[in-house]
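> fold the following, please.
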Amino acid sequence: MTSEYIISCIKKNDQGKIEQVGIDGELFDVNTIAEKILSRENSYFINAMGIRLRVFAVRDPQSNDLYLSSTTNKKLPNSLNFLPRCK
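Residues are numbered from 1 along each chain as shown. This is a model prediction of the structure:
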């Protein structure tokens, strides 16, 4: 059975790329979360202005790196970018 978690904050690198996310007070690497999404082990969500949004694992077509997004449509904003910074 898939467990569900809420991502509450993010940690970006110097280039502005999200490297870690906060869940229940702990930090997790983006690749770890992406792999758990792809394997359907866990589901992740964010709360954006009171709306629960699913988080997806997406592979960058140029670099082949995994990243997290609240949308699979490149034209829509990724609400993960607007979460507060993890401390």
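> could you use CA atoms for every contact and neighbour count after this?
Will do.
> in which helix or strand would I find Lys11?
Secondary-structure element containing Lys11, defined by DSSP states H and E: strand 9-12.
> same check on Ala34?
Taking DSSP H and E as the criterion, the element that holds Ala34 is helix 30-38.
> and the strand holding Lys11, what does it pack against?
Using 3 or more Cα pairs under 8 Å, 6 or more residues apart in numbering; DSSP states H and E as the contact definition, the elements that strand 9-12 packs against are strand 18-23.
> redo that, cut-off 10 Å
Under the contact definition 3 or more Cα pairs under 10 Å, 6 or more residues apart in numbering; DSSP states H and E, strand 9-12 sits against strand 18-23, strand 26-29.
> most tightly surrounded among the ones you listed?
Ranked by mean neighbour count under mean count of other Cα atoms under 10 Å, these are led by strand 18-23, which reaches a mean of 19.
> and Asn42, what is it in contact with?
Asn42 is in contact with 1-5, 33-36, counting by Cα atoms under 10 Å, 6 or more residues apart in numbering.
> check the residues you listed and tell me the two furthest apart.
Checking those against each other with Cα to Cα, the farthest-apart pair comes out as Met1 and Ala34, at 17.5 Å.
> which one of the two has more residues nearby?
Summary of the neighbour comparison: Met1 and Ala34, criterion other Cα atoms under 10 Å, with Ala34 having more neighbours (23 against 6).
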